[in-house]
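Asker: Here is a sequence together with a model predicted from it:
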Amino acid sequence: MSNLLDRLKEARSSTVTVIDRFIREYGRHGAGAYIFVEGKNDRLYYQSIVKRIINKKHYIKIFVCGNRKAVIEAEKNLRDRRLPNGVKTLFFADRDFDYNLQNEPHSRGVCYTDGYSFENYLIDGENMRLAWDSCVTTATSGLDYDILSRIFKREYIKFARIMIDLSAHVLARRRYIREGEKIVLNDARILRFMNIDSDLNIEYEENILPKISDQIGLRMMKCDAKVFKNIKRDLREKGSLYYIRGKYLTTFIQKFLEGVQVLGKSVDANFAFDVQINERNIVNYILMRGNIPNNLASYVEARLV
C-alpha cells in the first residue's frame, strides 16, 4: 500500500477486523441475519435476496470482507463458535472460474454463485422481462417486446462469443503462470468498444479481444493453441452464461437498453424509461421483482433455521 489511507482501507476489510465488527454488532442488536460478502457491489443484491426470503422486520447487517478468500476465512473462524440464539450468519462468494480450477479453497458453509458472479443471475430470460416491464413506460412505448427479445438474444450470442474467448484465454494462461503469479479477470470498460445502430445491431471494434486484454492488464500472451481451443469448446458446451464475468453482462444489457431508448423515441416521442439506464438501476429493477435463484433460497432458509 502506498499511503496511510490505503493501509486503513485494507485493515478495515481484513478478516480479523470484520469478525470484531460482527461481534460488536450482534452484541448491540442481538438476533438477526448477519451477512458476509466479498465486495461493495454484492451488498445490495444479497441484502435484497435475504429480505425477500425472511421477515422484513428481521434485523439484517452486511459485512464486506474484501474478497472470496476473506469470506471463506470468516466462515471458518465463526463455524465452531457458540453464538447467541437468533444470531444467524450467512456467507456469499463468487464462484468465478472454479469449475475448472481445482486448487481454490472452498468452505462448506459458504454459498457460491452458479455462475461467475451474482450478475450472471440477471440475464435469466424471465428476469430480463421483469426488468423490461419495470423500466419501460409500456402504455406509451409502442414497441413489441417479443421482437426486441429476439433481437436481444441474437446480439447476446455475438457478445457471448467474444467474452467466452476472453475467459478461455484467461484459463489457458493460468496453466502457464509462475508460482506466486496470478491472472484475474478484472473490470473492463467494454462500452468503449461497442456501438449500437438504429436496428439494434451491436458492432464491436476490430481486434476487440486484445484491446480488452490490454485494458485489464492481461496482454494476449502466447499460450498453447490446442489448450486454448479445448478450453473454449468446453466453456461453450457447459453454457456461456456461467463463464462470462457477470459485470460484463450488465454492461451488455445497459448498451442494449440504450439502443432501445433511442429507437423508442423514433417510434413514439413519449417513449421513456422511468430511470436513467445504468448498471445500478438495472440491478435494482431485477432485484425488486426478479426470480430468486434456487440455490440461494435453499441456503438462506437452511442457515436461518
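Answerer: All right, it came through fine. On a predicted model such as this, the values are computed, not experimentally measured, just so you know.
Asker: Ramachandran coordinates for residue 198?
Answerer: phi -70, psi -20 (degrees, to the nearest 10).
Asker: Can you tell me, leaving aside adjacent residues, what's nearest to it?
Answerer: In space, and not counting its chain neighbours, residue 198 is closest to residue 263: 6.4 Å by C-beta to C-beta, 6 or more residues apart in numbering. Backbone N, C-alpha and C define where each C-beta goes, glycine included.
Asker: number of nearby residues for that neighbour?
Answerer: 19 (other C-beta atoms under 10 Å).
Asker: distance from the centroid: which residue in the chain tops it?
Answerer: Centroid-distance maximum for the chain: residue 269 at 34.2 Å, with C-alpha atoms, centre = their mean.
Asker: where does it land in three-state SS?
Answerer: coil (DSSP: H, G, I helix; E, B strand; the rest coil).
Asker: State the distance from residue 228 to residue 278.
Answerer: 34 Å (C-beta to C-beta, to the nearest Å).
Asker: Ok, residue 114 next?
Answerer: From residue 114 to residue 278 the distance is 25 Å (C-beta to C-beta).
Asker: With residue 87 instead?
Answerer: 36 Å.
Asker: more neighbours, the two?
Answerer: residue 87 (19 against 13).
Asker: so that one touches residue 31, yeah?
Answerer: Yes: counting by C-beta atoms under 8 Å, residue 31 is a contact partner of residue 87 at 6.2 Å.
Asker: coming back round to it: for the residue farthest from the centre of the chain, grab phi and psi.
Answerer: Dihedral pair for residue 269: phi -60, psi -20, per degrees, to the nearest 10.
Asker: same question, the one 4 residues further on
Answerer: Note on residue 273: its backbone torsions stand at phi -90, psi 150 [degrees, to the nearest 10].
Asker: how far away is it from residue 165?
Answerer: Relative to residue 165, and taking C-beta to C-beta, residue 273 is found at 32 Å.
Asker: Mark out where each domain of the protein begins and ends.
Answerer: The record's domain parsing of the chain by automatic domain parsing lists 4-112, 119-289.
Asker: comparing those, which gets the lowest mean pLDDT score?
Answerer: Per-segment mean pLDDT for the domains of the chain reaches its minimum on domain 119-289, at a mean of 76.
Asker: I'd like the distance from that one to the chain centre, please.
Answerer: Averaged C-alpha coordinates place domain 119-289 at 12 Å from its chain's average position (C-alpha atoms, centre = their mean, to the nearest Å).
Asker: center of this structure - which residue?
Answerer: Nearest to the geometric centre of the chain sits residue 119, at 2.9 Å (C-alpha atoms, centre = their mean).
Asker: Not counting its neighbours along the chain, what's nearest that residue?
Answerer: Using C-beta to C-beta, 6+ apart, the nearest residue to residue 119 is residue 246, at 2.7 Å.
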